[in-house]
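Asker: kindly return the folded structure for what I paste below:
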Amino acid sequence: MDLYALSELKKEGIPEAAKYLTREEIAALTALLGEKNDRIRYPAFLLLCARSEIADDVFPHWDAFCAMLGDELSYRRGAALRLLALNARWDDSGRTEAVLGAILERLDDEIPFVVRWCVQSLGVIVRFHPACGETIARRLAVFDLSGLRESMRKSTLTDIADTLLAVRAVRPCEAADQGIADALAGGLLDAKTKKRILTELPEISS
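Answerer: Numbers count the residues shown, from 1 in each chain. Got it, this is the predicted structure:
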């Protein structure tokens, strides 16, 4: 796929295009995650995400994604979080557990969207690696929302509650229960969101 075709690729065409990527194209797309032109970088990222959900041939670039967690560019940090989470499904050698600490550090990222992507990515990771659940839940249960601008706090807390629900779905976890209870007891979440959470976890209401 040349750069022009990549820049013209529509979002709805991503899943189909991802089916036919070669290993060479995957390597080229990974290199393009540092591209400044968003019309090239973003579809490259989406293709890698889509491919990661159906095949394990993005996984060999795991170390590159790990290195991107500390990149000076926020969009590369965000991309790394999402791609590591999606490729955790292919990991059977403990690499996810090894990088979890570095992923959790992104909860303190200065860029709000990176923080949200981190929370969301943790919810994906725990589905494939339940053993990470306790560590994730303990960290999220004490997450300080005051460091975020006010407009971001509700959406981030919703993400946190959803990730804690994902933790609890794979195994019982006291820290997850406490974090969810605290989210419900606070004044940030709206009634509709609280009702949804309670529907997924009715015993919290007792």
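Asker: and the helices in this structure?
Answerer: Along the chain, the stretches classed as helices by DSSP state H are 3-8, 14-18, 23-31, 38-52, 62-68, 74-87, 95-105, 112-128, 133-141, 150-170, 174-185, 191-200.
Asker: what's the average pLDDT for the shortest one?
Answerer: In this case it means helix 14-18. Throughout helix 14-18, pLDDT has a mean value of 95.
Asker: CA atoms of that helix as PDB?
Answerer: C-alpha atoms of helix 14-18 as PDB (Å, rounded to 0.1, in the frame of the first residue of the first chain):
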ATOM      1  CA  ILE A  14     -10.000  -0.300   7.400                       C
ATOM      2  CA  PRO A  15     -11.300  -3.800   8.500                       C
ATOM      3  CA  GLU A  16     -11.300  -5.200   5.000                       C
ATOM      4  CA  ALA A  17      -7.900  -3.700   4.100                       C
ATOM      5  CA  ALA A  18      -6.400  -5.100   7.300                       C
END
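Asker: how about the most centrally placed residue in the chain, nearest residue that isn't a chain neighbour?
Answerer: Centroid-nearest residue in the chain: residue 121, 1.8 Å away (criterion: C-alpha atoms, centre = their mean). Closest residue in space to residue 121, ignoring its immediate chain neighbours: residue 85 at 3.7 Å, by C-beta to C-beta, 6 or more residues apart in numbering. C-beta coordinates here come from the backbone N, C-alpha and C atoms, glycine included.
Asker: and that neighbour, how many neighbours?
Answerer: Neighbours of residue 85 under the rule other C-beta atoms under 10 Å: 25.
Asker: equivalent analysis for residue 135, please.
Answerer: Residues near residue 135, counting by other C-beta under 10 Å: 17.
Asker: residues contacting the closest residue to it other than its chain neighbours?
Answerer: Nearest in space to residue 135, with sequence neighbours left out and distances taken as C-beta to C-beta, 6+ apart, is residue 100 at 6.4 Å. When contacts are counted by C-beta atoms under 8 Å, 6 or more residues apart in numbering, residue 100 touches 125, 132, 135-136.
Asker: do the same with residue 159
Answerer: 116, 119-120, 123.
Asker: highest neighbour count among these?
Answerer: Of the contacts of residue 159, with other C-beta under 10 Å as the count, residue 119 tops at 26 neighbours.
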